[in-house]
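Peer 1: need a 3D model of the sequence below.
(chains A, B, C and D)
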Amino acid sequence: MIALLIAVPLAFAFASIPHERLGRYFLPFVALFNLVCLFFFMQPGQILEVGKWPAAYGIALVLDNVSYPFLIFVNFLILMMALSATLENRYGTLLLVLTAAVNGIILTGDFFNSFVFLEIISVIAYIVAAHKDNALGAFKYLIFGGIGGTMYLLGAVSVYVKSGTLNMGYAAFITDPLIVPTICIFFLITFLVELKVLPLGLWAPDVYSNGSSVTPIALGSIVTVSLVYLFSRIFLNIFDLPSPQLVGILAMISIILAELGALKQKSLGRALSFATISGVSTVVAALSMRESEIASAAYFYLFNDVVSKFILFTLFAYLGERGFKSNKTAGIAFTFASLSVVGFPMFAGFWAKYYLLKALFQVNSYALPAIILIAAVIEAGYLIKWNVELWYKGEDTPKVQDGEQDSEMENEDDEVEEDFIPFGAQVVTLLLALTLVVVGFMPGLIHDQTMNIANNVLDFRPYLDLILKGGM
Amino acid sequence: MTDFFKSLIEMLRDPVSAMSVLVGGLMIVFALFAVEAKKIVDSLIALSAISLLSVLLFVVLKAPDVAITEAAVGSGLATAVMLFALWRVDSKADSDSQQIKKTNKQSDEAGEKR
Amino acid sequence: MRRVWAILVAGVFLYFLVGQFLPIIPTFGNVDLFTRVAFDIINKSTTTNYNAVEFKKSKDLEDGSANVVTSIVVNYRSFDTLGEVSVLFCAAIGVGILASMLKSKKRIEFEEHKVLMISTGIVLPLILLFGAYIFIHGHLSPGGGFPGGTTIALGILLLMLSNNEFKVTDVAKHVEQSAGAGYVVIGLMGMAIGGVFLINFLPTGVVGNLFSAGVVPIVYTFIGFKVGAELSNVISDLREG
Amino acid sequence: MSNIIYYVSFIILGIGIYGIVSQKNLFKQLISLSIIDTAVNIFIVALGYVEWGEAPIYSAITPVANFVDPLPQALVLTAIVIGVGTLALGSILLVHINEKYGSLDPDEIRDTREVVE
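Peer 2: Reported below is the predicted structural model:
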């Protein structure tokens, strides 16, 4: 039953080859199908051995308390993206395969299989990054991603050599802990590249600022969430992080560099991409502490960061740097999202930072909280600057920019004043802004889920029992 | 010194080490040449030579499946794809002189101003 | 300056590889297969208990293909191959999208050689036959869907080189689509019959016969056609531009 | 059996990394990436080599199982095809960059970008 989450998107992707626009109409329904399947037909605590081979020999898909919430969140994001983004022809097919690959990378319990799904996500990411004539950014991403993928392959094979099997549960159980740090360095390099921790994440600003409504959302939110899952699965659940202090320090440096970078950017797109880098680096820094309290706060921070960046990038894709004079609703959603990123009370961002700082103080580590507060101040600086500039853009005449016009409703009279956001995008951004506010008032909604994830992620025993239990 | 040569000869007796020394050494030379070559065509030829030599290594390492795949996919197709891309890249640079490149810039600026 | 920086990075990484990584992996050659999963996969005894597999003698094993690598790629870990096929599928679509976005529509032309024309006429059917042979006998001899498909694509490349009028028509798109869909359908059929996705539901016969590996030859034929169609599309996209 | 082949593949891997960092021309970086892929593939297959093993195929010559480890070979099969997929994308991206900026050298590209922005 679990395999349907991967087989159905792939089948629809293959079925949508003949006609170019077909894929775009399949995507929302496939995302909806996944969500329905997840809610009504699947409970966590299942394992599916593909092809009925025992878990150690073949590939086992594991659905437990950690992957279940992540699957729901990612498929929800895919549904939102399917409604909000304007997909040119053939992109629908690509995003269908991306759905299958993202579900696959969350479900799979096998090192080499996660490498294959990581490569699928990377190949799709290179194509999507080249959207809007941004081939140079995509090529730089390809070189970084190529090295990252090869490192992951080396890591997966060295796990096989040392433990005799590729299954995550068995491998972690068999490999003796002395050599685990050496093997994990390969995985660490991959995650530092893919999760955009700055020295290795230099490709991100060019890729995310190409002004397309698909690239920053597909790569910035959906792929980032699934890779944070894989990071926590490998480094928190199965192996332990080699030299966590070093990773923490690297992530902290990355936060500060990203914030400073965002401060001096003149274009909104690059500022937002640097903000994304600092958000994900905060999550990585918090996760590297390996504490359940801090991990749950990190996942809450991830939720808030991903949802608000979704809104910011969608509106940037459609409105560019033209003001909100003609679209008040979009302006409200943009302001809500930026306030939530900064951590204004009454928004989800406030609780995210609050839980994170509370958890960090309990463990009385003071380096990360200081950096998070400095980052918050800098973030407040440039985000409010951008909000003010965009809201009061009306005074000087908005310079004409041929932004995203070929939306579903082809409006012939392309009047310069009225900037058109497709109906889907407006609905989605408002809905997400609303969720930010709702979570702002009742943080428990999300916080209980993240506590549940964090408690499950940190102990390896239930995961191994699930694998030993064998498949249905 | 002599025991060094003795161990060298003794090592070369079994085929895998012998092949890996000879073919490996050749591959290292080609790799260096591919990285340092001035013209891209030469480094592309060096790259396909590396792939072909790696096929030899796979055969010696008792991996016939990988050898066939590397021969067909790795050296056959990869070189063809990169040669096509190179013709497209080079033909653009060779055929249009500096002049066209300049107009290319102007057309870009004009494009932006519009 | 860049060179010094490059030598530094490469040096640090090599130092890590040789210094820390090499000591923990077994020296070249002395690998005892008993500690590895591969032992059971070679003896095809992952679900049943161990009994030696004999070429042309042992019957109705859990997986019938004589080529153990193919049995891993298509039978034990066929989920990898499904992912593998979608990597190529996305790469082909990506090249298609990016090639159609190129502004300078310039077709690469080759000057016609009489000799090449005639020799292609003779050699091409043999190449296509050899490609088909590779993926039909994937479970007996080395090679499988991927090299077989690529050989067909290289045969079509030869056809492109020899005469300029040759265009890869939409047939390749439809072949690619139906082969891909076929592979997923086989997975779903396995789910319907055996209850689990991608199960090998056909009988496996004697090791070494042509029809001895259940689903494996069918899957590899699908993959062969799909890879052949996809890669000829990639080459023609690069050429048409 | 001395691990000469490990050292050979490590050296080629090092040359590939050296190539990516030191070469300015984008095409050269793609070629260096392909060199890294080849080196890693050789290393992985070499990891599975058993001293007196045969090719892992039941055939008239090797009817009984005295084989090399087949699993790394299956993994490398997938890795080679993934490498070619990435390579095909990389070359078409290079054609795009060359068409937009007129050259593949990052310095010239930077000048054109400054002029354009």
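Peer 1: right, and C:Leu231 touches C:Ala92 too?
Peer 2: Yes. Counting by CB atoms under 8 Å, C:Leu231 touches C:Ala92, with 7.3 Å between them. (C-beta placed from N, C-alpha, C; glycine too.)
Peer 1: distance of D:Phe43 from chain B?
Peer 2: 11 Å (CB to the nearest CB, to the nearest Å).
Peer 1: where along the stretch 151-300 of chain A do the helices fall?
Peer 2: Assigned helices in the stretch 151-300 of chain A, in chain order: A:168-174, A:180-194, A:204-208, A:215, A:224-232, A:244-263, A:268-287, A:292-319 (criterion: DSSP state H, counting those that start in this stretch).
Peer 1: can I get these in a markdown table with mean pLDDT?
Peer 2: Shown next, in a markdown table, are the helices of the stretch 151-300 of chain A (pLDDT from 0 to 100):
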| stretch | mean pLDDT |
| --- | --- |
| helix A:168-174 | 88 |
| helix A:180-194 | 90 |
| helix A:204-208 | 86 |
| helix A:215 | 85 |
| helix A:224-232 | 93 |
| helix A:244-263 | 90 |
| helix A:268-287 | 90 |
| helix A:292-319 | 90 |
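Peer 1: what's the weakest-modelled helix or strand in chain C?
Peer 2: Within chain C, confidence by mean pLDDT, DSSP states H and E is lowest for helix C:171-194 among all helices and strands, at a mean of 79.
Peer 1: how about that helix, does it get close to chain D?
Peer 2: No. Using CB under 8 Å from any CB of the partner chain, helix C:171-194 stays clear of chain D, with a minimum separation of 14.2 Å.
Peer 1: which outside residues touch that helix?
Peer 2: Here helix C:171-194 makes contact (CB atoms under 8 Å, 6 or more residues apart in numbering or on different chains) with A:3, A:7, A:10-11, A:14-15, A:17-18, A:51-52, C:78, C:82, C:85, C:89, C:92, C:196-201, C:215, C:218-219, C:222-223, C:225-226, C:228-230, C:232-233, C:236.
Peer 1: now for the spatially most central residue of chain B: which residues touch it?
Peer 2: For chain B, the residue sitting closest to the mean C-alpha position, by CA atoms, centre = their mean, is B:Leu47 at 0.7 Å. Listed by CB under 8 Å, 6+ apart, the contact set of B:Leu47 reads B:Phe30, B:Ala34, B:Ala78, B:Thr79, B:Met82, D:Ile31, D:Ser34, D:Ile35.
Peer 1: reduced to three states, what does it come out as?
Peer 2: helix (DSSP: H, G, I helix; E, B strand; the rest coil).
Peer 1: how far away is it from chain C?
Peer 2: Distance from B:Leu47 to chain C, by CB to the nearest CB: 17 Å.
Peer 1: quickly note the distance from that residue to chain A.
Peer 2: 15 Å.
Peer 1: what of C:Ile136?
Peer 2: Taking CB to the nearest CB, one finds C:Ile136 at 22 Å from chain A.
Peer 1: what residues does that residue make contact with?
Peer 2: For C:Ile136, the contact set (CB under 8 Å, 6+ apart) comprises C:Gly148, C:Pro217, C:Tyr220, C:Thr221, C:Gly224.
Peer 1: make CSV out of these and add distance to D:Ile109 and pLDDT.
Peer 2: Output for these, formatted as CSV (distance: CB to CB, whole Å; pLDDT from 0 to 100):
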residue, distance to D:Ile109, pLDDT
C:Gly148, 40, 90
C:Pro217, 49, 82
C:Tyr220, 44, 85
C:Thr221, 45, 87
C:Gly224, 40, 88
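Peer 1: redo the residues you listed as JSON lines? Include distance to C:Ala181, neighbour count and secondary structure.
Peer 2: Listed next are those as JSON lines, based on distance: CB to CB, whole Å; neighbours: other CB atoms under 10 Å in any protein chain shown; DSSP: H, G, I helix; E, B strand; the rest coil:
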{"residue": "C:Gly148", "distance to C:Ala181": "19", "neighbour count": "29", "secondary structure": "helix"}
{"residue": "C:Pro217", "distance to C:Ala181": "18", "neighbour count": "26", "secondary structure": "helix"}
{"residue": "C:Tyr220", "distance to C:Ala181": "16", "neighbour count": "29", "secondary structure": "helix"}
{"residue": "C:Thr221", "distance to C:Ala181": "14", "neighbour count": "20", "secondary structure": "helix"}
{"residue": "C:Gly224", "distance to C:Ala181": "15", "neighbour count": "28", "secondary structure": "helix"}
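Peer 1: now, which of those sits nearest chain B?
Peer 2: Chain B lies nearest to C:Gly148 out of the contacts of C:Ile136, by CB to the nearest CB, at 8.2 Å.
Peer 1: which one is the closest one nearest to, not counting chain neighbours?
Peer 2: Take C:Gly148 and drop its neighbours on the chain: the residue closest to it by CB to CB, 6 or more residues apart in numbering or on different chains is C:Phe135, 3.0 Å away.
Peer 1: ok, C:Ile218 next?
Peer 2: Closest to C:Ile218 by CB to CB, 6+ apart is C:Ile186, at 6.5 Å.
Peer 1: kindly report the same for D:Leu75.
Peer 2: A:Phe112 (5.6 Å).
Peer 1: what packs against the helix or strand hosting that neighbour?
Peer 2: Using DSSP states H and E, A:Phe112 falls within helix A:111-129. Here helix A:111-129 is seen to pack against helix A:91-107, helix A:135-163, helix A:224-232, helix C:78-100, helix D:70-101 when contacts are counted using 3 or more CB pairs under 8 Å, 6 or more residues apart in numbering or on different chains; DSSP states H and E.
Peer 1: and the second one, does that touch chain D?
Peer 2: Looking back up the chat, that one is helix A:135-163. Yes. Applying CB under 8 Å from any CB, one finds helix A:135-163 touching chain D at A:135-136, A:138-139, A:142-143, A:145-147, A:149-150, A:153-154, A:156-157, A:160-161.
Peer 1: can you give me the helices for chain B?
Peer 2: Along chain B, the stretches classed as helices by DSSP state H are B:2-13, B:15-36, B:40-60, B:64-69, B:78-95, B:98-113.
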